[in-house]
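Participant: How does the following fold in three dimensions:
(chains A and B)
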Amino acid sequence: MSQYMMLIYTPNEGGPTPEELQAMHPHWNAYTQSLSDAGVLVAGDALEGIDTATTVRERGGETVLTDGPFAETKEILGGYYLIDVPDLDAALKWAAQVPNAPYGSIEIRPVMVFPEQ
Amino acid sequence: MSAASTAAVEAAFRRERVAVLATLIRQLGDFQLAEDAVQEAFAAAIVAWERDGVPASPAAWITVTARRRAIDRLRRDRTLADRIERLKVLAEREAATAEADGLEEEPSAVVDDQLRLIFTCCHPALAMQARVALTLRTLGGLSTGEIARAFLISETTMAQRLVRAKRKIAAAHIPYRVPADEELPDLLGGVLAVLYLIFNEGWFASAGDRLVRGELCAEAIRLGRLLHGLMPDDPEVAGLLALMLLHDSRRAARVDEHGKLVLLDDQDRSLWDRGRIREGERLLEDAMRRRRPGLYQLQAAISALHATAASPQDTDHAQIAALYGELARRAPSPVVEVNRAVALGRAEGAEAGLEVLEPLLRAGKLESYAPLHVAHADLLERAGEMARAARAYECAASCAENSVVRAELQRRAAALG
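Facilitator: This next block holds a predicted model:
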């Protein structure tokens, strides 16, 4: 089995309205439940918007804080699922069912495995 | 060095390399390791077969030798996360082989391994360029340098592309398996697209100063034969092989002795390769009998109508236009419409063809697509509008990226102007 992080991106502009997003909640719950029922869910969360983000850097021995995200992008990270499945094909199938797939995108990244010591 | 043992190694390399590699990748779970091990095993064979004679089963000898080399490497390489686990699996495999007295795999397992390799190399999670490179390297056995030269990029860039693709297969766990029945049509379509792209890259040599890169066409056909051998019942696999053979039958006639492009109508049909035409026709007939027509069979049928006509005038253009119509219905594309317009122009007169072409010319989407302007020029010429035809040829010439094609189009424009 391999772990994959599904990074859920939504468009910064032109995506669903807040009402539409509200109406989608049951879909997200059902999807999370289906991951759980299949025994593949390791973790998953939705993130607050980028207007709540703080970016931290350590520069010249000082901690520098920036109010806002790491970079302004057209698509923003809205949440994630961490799943444990046999291979990439299985991960791709789950990703295609993420409720934001029709208007956003899902980036799948394999979790790195370090050599045993 | 005896010629006999060297020839045996070369023959084994040609015949057995893909099968041995495919099986070893499954056993090792690692593309790069398997490739290196197979390479080393063939190198070892040159010495060993000279010394001890050619073994009864060269394939089994190569497989066992390659696996032992891989085990040695795994023992040395401590950076691999799951080396202990992998070594255990391989040790079991070694014991089983010893018990079975060297007999390696069932024939059906060998077929499945090669299919696994093909579907992994053409996996949709890899970029198209990576699929093409990996297919030519792994299945075709071309060297990185050969592939780089065929695609006119540096060897370093091609090497990086291959390394990246193999790393992704390993790190992202792209599976090594034959697709299930329900996903087969989609994934097989992807594999066929890779083979046809390799063929077309050879056939149309999109850039550069040579019109046809025959080595790519030949390689695509070889891979088509391999796939057809593995999936003899699939009509689209047979259809693609037929299509490539029928196109390729005209290779010698398509360029004159000065390297200039010769269009279909002007080709010396005695130069067409009758053997390829017959083979293509036979494959197509067998495929059509299965009554599951698809895009490759339709295109092969069009190519066959050209290939079997005694002259341009004897060609069944009405039937060709109808086949393009069916193609357009199944997979609408402006490129197919351009071809339909040309066929219709021949079957029913230039006006009928121009009528199909007008909306494409007006839409402007294909403005830089040379074949659109070639078709336009051809139809205008047939309609007797020489000045407009010359302008269309000039337009086509300015779009052509291949210098051989561009020269021919400029010549045509000048001849009319």
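Participant: And for the residue in chain A that chain B sits nearest to, the neighbour number?
Facilitator: Chain B sits closest to residue A:87 of chain A, with a gap of 3.9 Å, by Cβ to the nearest Cβ. Backbone N, C-alpha and C define where each C-beta goes, glycine included. Close neighbours of residue A:87, defined as other Cβ atoms under 10 Å in any protein chain shown, add up to 17.
Participant: Would you confirm that it contacts residue B:175?
Facilitator: Yes. Between residue A:87 and residue B:175 there is a contact under Cβ atoms under 8 Å: 3.9 Å.
Participant: Contact residues of chain A facing chain B?
Facilitator: Listed as neighbours of chain B in chain A under the rule Cβ under 8 Å from any Cβ of the partner chain: A:2, A:86-89, A:92, A:108, A:110, A:112-116.
Participant: In CSV, list those along with secondary structure and pLDDT.
Facilitator: CSV is the format used below for the residues of chain A next to chain B (DSSP: H, G, I helix; E, B strand; the rest coil; pLDDT from 0 to 100):
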residue, secondary structure, pLDDT
A:2, strand, 94
A:86, coil, 95
A:87, coil, 95
A:88, helix, 96
A:89, helix, 95
A:92, helix, 96
A:108, strand, 98
A:110, strand, 97
A:112, coil, 93
A:113, coil, 87
A:114, coil, 82
A:115, coil, 71
A:116, coil, 64
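Participant: so which of those residues is the most crowded?
Facilitator: Of these, with other Cβ under 10 Å as the count, residue A:88 tops at 22 neighbours.
Participant: Residue A:108 versus that residue, what's the distance?
Facilitator: According to Cβ to Cβ, to the nearest Å, residue A:88 stands 7 Å off from residue A:108.
Participant: Same check on residue B:279?
Facilitator: From residue B:279 over to residue A:108 (counting by Cβ to Cβ), the distance is 43 Å.
Participant: before we move on, what about residue B:14?
Facilitator: 38 Å.
Participant: Can you add distance to residue B:327 and give the residues of chain A next to chain B back as a markdown table?
Facilitator: Below are these laid out as a markdown table (distance: Cβ to Cβ, whole Å):
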| residue | distance to residue B:327 |
| --- | --- |
| A:2 | 41 |
| A:86 | 39 |
| A:87 | 36 |
| A:88 | 33 |
| A:89 | 31 |
| A:92 | 30 |
| A:108 | 35 |
| A:110 | 40 |
| A:112 | 46 |
| A:113 | 47 |
| A:114 | 52 |
| A:115 | 52 |
| A:116 | 55 |
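Participant: Can you pick out the most distant pair from those residues?
Facilitator: A:92 and A:116 (28.2 Å; Cβ to Cβ).
Participant: Can you list the low-confidence ranges for chain B?
Facilitator: Chain B contains residues with pLDDT under 70 at B:1-2, B:78-82, B:97-105, B:205-212.
Participant: Taking chain B, what residue is nearest to chain A?
Facilitator: Closest point on chain B to chain A, by Cβ to the nearest Cβ, is residue B:175, at 3.9 Å.
Participant: May I have the secondary structure class of that residue?
Facilitator: Following DSSP: H, G, I helix; E, B strand; the rest coil, the label given to residue B:175 is coil.
Participant: Can you give me the distance of it to residue A:36?
Facilitator: Residue B:175 is 24 Å from residue A:36, by Cβ to Cβ.
Participant: more crowded one of the two?
Facilitator: residue B:175 (17 against 11).
Participant: What does the more buried one show for phi and psi?
Facilitator: In terms of degrees, to the nearest 10, the main-chain angles of residue B:175 are phi -70, psi 160.
Participant: Also residue B:264?
Facilitator: phi -50, psi -50.
Participant: Near it, how many other residues are there?
Facilitator: With other Cβ under 10 Å as criterion, residue B:264 counts 13.
Participant: which residue sits closest to residue A:35, ignoring its sequence neighbours?
Facilitator: residue A:41 (3.9 Å; Cβ to Cβ, 6 or more residues apart in numbering or on different chains).
Participant: which SS state does residue B:184 fall under?
Facilitator: helix.
Participant: same for the lengthiest helix in chain A, what does it pack against?
Facilitator: Scanning chain A for the helix with the most residues, using DSSP state H, yields helix A:18-37. If you count contacts as 3 or more Cβ pairs under 8 Å, 6 or more residues apart in numbering or on different chains; DSSP states H and E, helix A:18-37 packs onto strand A:41-46, strand A:75-85.
Participant: Quick check: which of those strands is buried the most?
Facilitator: strand A:75-85 (a mean of 19; mean count of other Cβ atoms under 10 Å in any protein chain shown).
Participant: That one pairs with which strands, and in what direction?
Facilitator: strand A:2-11 (antiparallel), strand A:41-46 (antiparallel) (DSSP bridges).
Participant: Residue B:349 is nearest to which of these?
Facilitator: strand A:2-11 (50.8 Å).
Participant: who's in contact with the closest one?
Facilitator: Here strand A:2-11 makes contact (Cβ atoms under 8 Å, 6 or more residues apart in numbering or on different chains) with A:42, A:74-88, A:91, A:94-95, A:98, A:100, A:103-111, A:113, B:173.
Participant: ditto for stretch B:114-121
Facilitator: Outside stretch B:114-121, the residues touching it (Cβ under 8 Å, 6+ apart) are B:18-19, B:21-22, B:25-26, B:131, B:134-135, B:138-139, B:169, B:174-179, B:187, B:191, B:194, B:226-227, B:230-231.
Participant: Buried residues in stretch B:379-396, which are they?
Facilitator: For stretch B:379-396, a neighbour-count test (16 or more other Cβ atoms under 10 Å in any protein chain shown) marks B:379-383, B:385, B:389-396 as buried.
Participant: Actually, stretch B:19-31.
Facilitator: Buried residues in stretch B:19-31 (16+ other Cβ under 10 Å): B:19-31.
Participant: Dump those to TSV, plus secondary structure and distance to chain A.
Facilitator: Formatted as TSV, the buried residues of stretch B:19-31 follow (DSSP: H, G, I helix; E, B strand; the rest coil; distance: Cβ to the nearest Cβ, whole Å):
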residue	secondary structure	distance to chain A
B:19	helix	23
B:20	helix	24
B:21	helix	20
B:22	helix	18
B:23	helix	19
B:24	helix	19
B:25	helix	14
B:26	helix	13
B:27	helix	17
B:28	helix	16
B:29	coil	11
B:30	coil	14
B:31	helix	14
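Participant: now those residues as TSV including distance to residue B:323?
Facilitator: Shown next, in TSV, are the buried residues of stretch B:19-31 (distance: Cβ to Cβ, whole Å):
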residue	distance to residue B:323
B:19	37
B:20	41
B:21	39
B:22	36
B:23	41
B:24	43
B:25	40
B:26	41
B:27	46
B:28	46
B:29	45
B:30	46
B:31	40
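Participant: Between these, which sits nearest residue B:158?
Facilitator: Taking Cβ to Cβ as the measure, residue B:158 lies nearest residue B:31 of the buried residues of stretch B:19-31, at 16.0 Å.
Participant: so that closest one touches residue B:169, yeah?
Facilitator: Yes. With contact defined as Cβ under 8 Å, residue B:31 counts as touching residue B:169 (5.8 Å).
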